[in-house]
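Engineer: Structure here, sequence nowhere to be found:
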């Protein structure tokens, strides 16, 4: 939980939602073809769509890597562009 709290603090500092970061991080890996988030109600589908299209600054991903919060070998969304 401490790692999650550190990620949340960085996300808050960069004004990035955890949902956006999580979905975009998963899809940055070329081995991942799709992510299927659960949707308990129809409005969640719109939230997921917005989360996937949210612009996340490269500095956010670099900060996660610099803080050792993601594996150095993990593909990041900024590397996929």
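Structural biologist: Cool, got the structure. A quick note: this is a predicted structure, and the numbers were derived from the prediction, not measured.

Engineer: residue ranges of the helices in this protein, please?
Structural biologist: 2-13, 18-28, 42-53, 58-66, 77-80 (DSSP state H).

Engineer: wait, what's in contact with residue 61?
Structural biologist: 70, 76-78 (CB atoms under 8 Å, 6 or more residues apart in numbering). Where C-beta positions appear, they are placed from N, C-alpha and C, glycine not excepted.

Engineer: quick revisit: worst mean pLDDT among the helices of the chain?
Structural biologist: Mean pLDDT values for the helices of the chain show the minimum at helix 77-80, a mean of 70.

Engineer: CSV for the helices of the chain, including distance to residue 34?
Structural biologist: Below are the helices of the chain laid out as CSV (distance: least, CB to CB, whole Å):
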stretch, distance to residue 34
helix 2-13, 23
helix 18-28, 8
helix 42-53, 11
helix 58-66, 21
helix 77-80, 15
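
Engineer: Nearest spatial neighbour of the spatially most central residue of the chain, chain-adjacent residues omitted?
Structural biologist: What sits nearest the mean C-alpha location of the chain, by CA atoms, centre = their mean, is residue 21, with 1.6 Å. Spatial nearest neighbour of residue 21, excluding adjacent residues (CB to CB, 6 or more residues apart in numbering): residue 11 at 5.7 Å.
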